[in-house]
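Sequence below, structure please.
(chains A, B and C)
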Amino acid sequence: MFVAVFPEHHSTLLELKPSLAGKTLVDVSNGLRINHDGPSNAEQLADMFPDSDVVKGFNTISAWALQRGPRDASRQIFLCSNSSKAKSSVMQLCRRMGFVPVDMGLLSSSLEIENLPLSLFPSWRIPILCTLFLFILFYLYNFLRDVLQPYVTAGKSVFYKMPIETVNVTLPSVALVMLALVYLPGLCAAFFQLWSGTKYNRFPNWLDRWLTCRKQFGLCSFLCAALHAIYSLSLPMRKSTRFKLLLAVRQMKEGDEVWVEEEVWRMELYVSAGIMALGLLSLLAVTSLPSVANSVNWREFTFIQSTVGYCALSMATVHTLLFGWGRAFDPAQYHFLLPPTFVLVLVLPCVALLGRLALCVPCVALRLQQIRRGWEKTRHLRFRLPEDNCRNTLDDVSNV
Amino acid sequence: MFVAVFPEHHSTLLELKPSLAGKTLVDVSNGLRINHDGPSNAEQLADMFPDSDVVKGFNTISAWALQRGPRDASRQIFLCSNSSKAKSSVMQLCRRMGFVPVDMGLLSSSLEIENLPLSLFPSWRIPILCTLFLFILFYLYNFLRDVLQPYVTAGKSVFYKMPIETVNVTLPSVALVMLALVYLPGLCAAFFQLWSGTKYNRFPNWLDRWLTCRKQFGLCSFLCAALHAIYSLSLPMRKSTRFKLLLAVRQMKEGDEVWVEEEVWRMELYVSAGIMALGLLSLLAVTSLPSVANSVNWREFTFIQSTVGYCALSMATVHTLLFGWGRAFDPAQYHFLLPPTFVLVLVLPCVALLGRLALCVPCVALRLQQIRRGWEKTRHLRFRLPEDNCRNTLDDVSNV
Amino acid sequence: MFVAVFPEHHSTLLELKPSLAGKTLVDVSNGLRINHDGPSNAEQLADMFPDSDVVKGFNTISAWALQRGPRDASRQIFLCSNSSKAKSSVMQLCRRMGFVPVDMGLLSSSLEIENLPLSLFPSWRIPILCTLFLFILFYLYNFLRDVLQPYVTAGKSVFYKMPIETVNVTLPSVALVMLALVYLPGLCAAFFQLWSGTKYNRFPNWLDRWLTCRKQFGLCSFLCAALHAIYSLSLPMRKSTRFKLLLAVRQMKEGDEVWVEEEVWRMELYVSAGIMALGLLSLLAVTSLPSVANSVNWREFTFIQSTVGYCALSMATVHTLLFGWGRAFDPAQYHFLLPPTFVLVLVLPCVALLGRLALCVPCVALRLQQIRRGWEKTRHLRFRLPEDNCRNTLDDVSNV
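The predicted model follows:
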C-alpha cells in the first residue's frame, strides 16, 4: 500500500493496522521543510506499524511522471527499507514503470531521501551571489569611467556603449576574479598547514566551505568568459563599428601613418592568449560534468583541475596583461583618478600565481610534503589516518 | 550456455534438453522488428526449457565489443532472469569482461530488453521533421522576399545571399518558433484543465504526445539558435562585407551624416539581448544532459526548465522585437505584399508569453491551483492519487 | 578494520590474527605502479587472514574526500569481496558517507580496482601526441610559406601573422587530418577482411589499437575545429584588419572594380560549409559524452558515429575544397615550390571518402556483407560466435 499522509495524520491509519500486518507500506510523503534532526516520516510510520515492511521512496518524482511514466527529469527513484524482500519487490515495480531504482540501504537513510527534493541549488547560492555582486560592482565602475566621465568632462555622449561595450569590459573582469577565487582557497589551506605545522588541525569554517564550492566558482567564471568571447566576437558586426570606420576614413589625411605596428602586435597577442585561455577553461568545464568526472580516476581529475586549471589562470592573466600593455602607466587612462579596470582585476590572479610559485620553492615544497605525509612540528605522534601511508596526499587540498 | 537462435529454431536445441537441465541459458537473440505483444524470445526459450535458468542479456552490445571488450558506445548490459543465482553469476561475468551489468529484474522485462536495440531515435522523429519543415518553409519565404524580389522588380542580382544571409534569417525564425512550441503544450494543458474543471480528465492524445517531446523541441531550437549565433558572428569577416564597405566609402560625400544614433542603439540592444538569450538557452541545454538531470532534484529541474526557460523565451522575443524596431510598420519592407519574416515569427512566442501572463492573473492562478490539488467543478469526489496531498502539483504540467 | 599497509608489511598485522577472525578487513591500499600479473594487495591479505572477510575498496577516493565527505570528483567507490555479507555492510557504510558504492563482484576483481587510480589518460596519449606533432609540423610549414618566404624574397615583414593567422591555418589542417584518421582504420579493417576473405582473422596489432582510440582522435579533431572557428571569427575585430582596410581605402582609385563576384561566392560558400561541418562535429562530440552514449542504443550510436560522421567529414572536405577554389593550380601560390597547405591536407580525407565510396559499389558491399555474416573464402567452417546468426555485423567495424 502507498502511504502519502503527513505524520500528524498517521493515526488515521491505525484502524487498518491488523489488515496491514505483513504487507509492504511505501511511504511517498515529503516534508514541508528540510529536517535535519529526524525522525523521518518513514521512521515514524515504521514505529507505528512494526509488523509491516516500510519502504521509503517515490517522493523525488513528480506526480505527473508517476501517472504517465518517466519524463526528461531524473528517472532515479531512491529507495530504502529495513526489509530487503519488500525493497526488491518495490524495485521490480519501479523497473516495470520505466524508472531506475537506486538502493539507498536501510530505513535510516530515509531522512536524507526526504530532504532531497526540498533543496534548491544549495551549493550554488554563494557562487551566484558572488558573481552577481562582482558584476554589478564592475559594471558601475566601468560605467563611471567609460560613459559618465566623457559626458561630464567633455560633454561627449557615448551612452550607446552601455549594452555591449561596458558589459564586455565587465564580464572578463568577473571571470578572472572568480577564476582566482577558485585557486586561492587551496593556497590558503596550504599556507595554513605550513603555519600550523600539521595536517591534523581543522581548517577554519569559512575555508572549509570555500574549498567545497570551488567547482561552482569555476563554472560561473567559465560562463562569464564564454559570454565575454561572444560579446567580443560580435563587436565588428555592429553598426557603430561601421560608422566609426567611415568617420575614420573621412578624417584620414594624406600623410597619416595608418599602420601602428605596436597596436597590431598587442591585439594579435592578447586575442590569441584569450582564445587559448577559453579553450583550457572549456576542458575544465567539460570535465566537471558528472558523467565525465565519474569516468576519470582521481589522479586524472587532479591533473586536469590543478595543472590545466593553473595553465588557464596563467593564460587568462597573460591575456589581461597583454591587453594592458603599458597603458597601466599612462596617466591619461586614469579618468577621475580611477585606475583602468584591468589594473584592479589583476590583483587576485597575480596573488594566486605568486602563491603557487612560492609553494614550488624547494624548501617550502619539501616541508609541505612532509606535513601532508603526517609529519608534525610538535613531534607529537597522533593517530594517523591509515591511507596516509599509501598515498601522497600532497594534492588533496592545494592542487585540486 | 549462450543461445543465439531465432525462436523458430529453438526446437533444434530440444535434443540437448537433458544435458541443459540445471544449467544457465543466456539468450542473446534480438527480434527482427519491434514486438509489442510478446512473448519475448527469452520467454519462449524458458517455456521450452523449464529446468534451466534462462537469463536474457548481451543483445544490446555489438558482436565486436563482445569479442574485443567494451568500446566507446554504451557499456551497459541489461540482464533479467527469474533465477537470481544465475543472474548474479552472469553479472559477475559481465564485470570481468569490463561491462556494467544493469539488473532489470524478472524475465518479464525481457520483451523490453529485446526491443531496446531496434529503435532509432523514436522520440526525435517528430521534432526533427518539424525543424526541417519549418526550415524549408522559412528558407523559401526568405528567398522569395530577399533574393527573388530585388531580381524581378529591379534586376538586382543578390543571389550571393543564399548560402549565408538567407540561412541566417531562417535559422533564428526556426529557433524562436520551436522554442514557443516547447511552452505552448504546457499552456494548452493548463487551459484544458481550467476548462474541464478537473485534473482527472485525460488530455487528448496529441497533447499528451506533444508534452512528452518538449525536451527534443527545445534542443532543436537550441541547435538552430547556436548556428544562428555563429552565422551572425561570421558576417563581418566575409569578402562581401569588405566590398560593401569600400563601395560605401566611394559613394560617401562630404556633407553626409555618417552616424545614425537610432541604428546604433537598435543594433547594440538586439545583439546584447540575443547573446543573453543564447546564454540562457545554453544553461537549459546543459541541464538536459542525462547526467546533469540526474544530479538535480525535481524542484531544481522545474526551476530551470520553467523559470529560466520563460526568461530565455522572453529574451529571444525581445531580441526579435528590437530587431524589428518600427520596421514592421514601414510599407517599404512589404516586398510582394509579404510581411517581413520577424512579423510572422513573433506570433507564437507572443501567444505563449501572453498565455503565461494570463495564468498569473490571481483568480485564474488560484482556480488552477485548486484544480491541481484535487478540487473538481462537479464536486464529485473521485479516487485521488495519494501523493496529491503532499505536493503542490501546480508545476507538474504547465511549468515543466 | 581498515588496512592501509603495503603487502611487505602485512606480517606486522599477524599478531592481531586471532582478534581479527570473523571480522571484516577493508583493504584500502594502492600499488605504487601498475600491476598486471597479480596477486593484488587484497588477495595477499586474504591469503594471510583466511578467517576474516576481506573487502577491497576506497582506494580510488582521495584522503580528503574520505575525511570531509564526497567532493566534485567521482563519488563512486568500487568494492569487491568474496563475502557478500561483508560487502553489503561496507556498501551501506559508503552510502551513509554520501558515496555511491559500485559492486565489482568477487575479490578476483581487486587487481583491476588497485590499478584504477594509477593510470593517467592511457587512451589519450597517442591521440594527443599525434595532434601535437601535426600541429608543430603544419605550423612550421605555414610559417615557412606565409611569413618567412615574403621576408626572404621581398623583405616584407609580416611576423605579426604568427600568433593568429598562422595558427588559424594550422588548426583546420590538424582538425581535418585527425578527422580522416578517425575513419581510415575502419576502412582498413574492411579491406583487410575483403583481402583475407574471412572475418575470423585477427587484425594486425596496430590496427586493433588504432580502432580503439578513434573516439579520442575525433575529440581532438573537434577541439581543433572549434578553436579554428573562434580564431576565424576573431579575425575582423583585430587592429590589423582595420589598418589594412584603411590602407585599401587610401589606395583605391576612381576606376577600380571593387566587387569581385567570384571572391564573394567562394567565401560565402566555404564559410557556410564550415559552419555546417562544425555543427555536425558538435553533435558527434555531444554523443560521445558518457551519459549520452549510455542513453542511446547501439543502432543509434552507430547511426550517429558513422552516418553523421561521414557527413561531417564530407562537409569539412567541401569546406576545404571551396577554400582552395582553383588556387591549387595557380603557380603564384607555390612559394619556395611548396604547395599550399590545403593541398597537402586534402590527401587523407579524399582517400577516406573514396575508400568509403568503393565499399558502396554493389559487388564489394555484397561480398563484405557475406564475410561479416560468417562466409569464408576457404569454405572451411570454423567455430562461429553464436550472435552472428542474429545480427548483421556489417556495421561492427567499418561503420562505427
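
Let me see the ranges of the helices in the stretch 151-300 of chain A.
For the stretch 151-300 of chain A, the helices defined by DSSP state H, counting those that start in this stretch cover A:167-196, A:205-212, A:214-234, A:239-251, A:261-287, A:290-295, A:298-302.

Ok, which of these comes nearest chain B?
helix A:290-295 (3.5 Å; CB to the nearest CB). Glycine gets a C-beta too; all of them are placed from N, C-alpha and C.

So which elements touch the closest one?
Secondary-structure packing of helix A:290-295 (3 or more CB pairs under 8 Å, 6 or more residues apart in numbering or on different chains; DSSP states H and E): helix B:290-295, helix C:290-295.

Just give the nearest non-adjacent residue to the residue nearest the centre of chain A, would you?
For chain A, A:Q216 is the residue whose C-alpha lies nearest the centre (CA atoms, centre = their mean; 0.6 Å). Nearest residue to A:Q216 in three dimensions, chain neighbours excluded: A:P127, at 3.9 Å (CB to CB, 6 or more residues apart in numbering or on different chains).

Report the angle between the stretch of helix or strand that neighbour belongs to and helix A:205-212.
Following DSSP states H and E, one finds A:P127 within helix A:125-142. Interaxial angle of helix A:125-142 relative to helix A:205-212 (axes from the mean of the first three to the mean of the last three CA atoms, to 10 degrees): 90 degrees.

What average pLDDT does helix A:125-142 get?
Mean per-residue pLDDT for helix A:125-142: 96.

Ok, stretch A:105-114 next?
On average, stretch A:105-114 scores 79.

is that stretch up against chain B anywhere?
No. Using CB under 8 Å from any CB of the partner chain, stretch A:105-114 never reaches chain B; the gap is at least 10.6 Å.

burial measure for whichever residue of the stretch 201-350 of chain A sits closest to chain C, as a count.
When distances are taken as CB to the nearest CB, the stretch 201-350 of chain A reaches nearest to chain C at A:S291, 3.5 Å away. Neighbour count for A:S291, taken as other CB atoms under 10 Å in any protein chain shown: 18.

quick one: it and B:A293 touch, right?
No. Counting by CB atoms under 8 Å, A:S291 stays clear of B:A293, with 10.8 Å between them.

thinking again about what came up before, residues touching the residue nearest to A:Q216, list them.
A:P127 sits next to A:178, A:213, A:216-217, A:219-220 when contact means CB atoms under 8 Å, 6 or more residues apart in numbering or on different chains.

May I have stretch A:116-123 as PDB, with CA atoms only?
Taking Å, rounded to 0.1, in the frame of the first residue of the first chain, the C-alpha atoms of stretch A:116-123 are listed here in PDB:
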ATOM      1  CA  LEU A 116      16.400  15.500  -1.300                       C
ATOM      2  CA  PRO A 117      13.500  17.200  -3.100                       C
ATOM      3  CA  LEU A 118      13.400  20.200  -0.900                       C
ATOM      4  CA  SER A 119      16.700  21.900  -1.600                       C
ATOM      5  CA  LEU A 120      17.200  24.500  -4.400                       C
ATOM      6  CA  PHE A 121      20.800  24.600  -5.500                       C
ATOM      7  CA  PRO A 122      22.200  25.000  -2.000                       C
ATOM      8  CA  SER A 123      25.800  24.800  -3.300                       C
END
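
is chain B contacted by it?
Yes. Against chain B, stretch A:116-123 shows contacts by CB under 8 Å from any CB at A:116-121.

Show me which strand runs longest in chain A.
Among the segments of chain A that qualify as a strand by DSSP state E, the longest is strand A:76-81.

And the contacts of stretch A:128-146?
A:121, A:158, A:161-162, A:165-167, A:169-171, A:173-174, A:177-178, A:181, A:216-217, A:220, A:224, A:335-336, A:338, A:340-341, A:344.

ok, the residue lying closest to A:T287 once chain neighbours are set aside to chain B distance?
Distance criterion CB to CB, 6+ apart; nearest residue to A:T287, sequence neighbours excluded, is A:I304 at 4.9 Å. A:I304 sits 17 Å away from chain B, going by CB to the nearest CB, to the nearest Å.

Next: A:L132.
Noted for A:L132: a distance of 14 Å to chain B, by CB to the nearest CB.

again with A:H9
For A:H9, the distance to chain B equals 9 Å [CB to the nearest CB].

secondary structure class for that residue?
helix (DSSP: H, G, I helix; E, B strand; the rest coil).

quick one: pLDDT of it?
Value for A:H9, per-residue pLDDT: 70.
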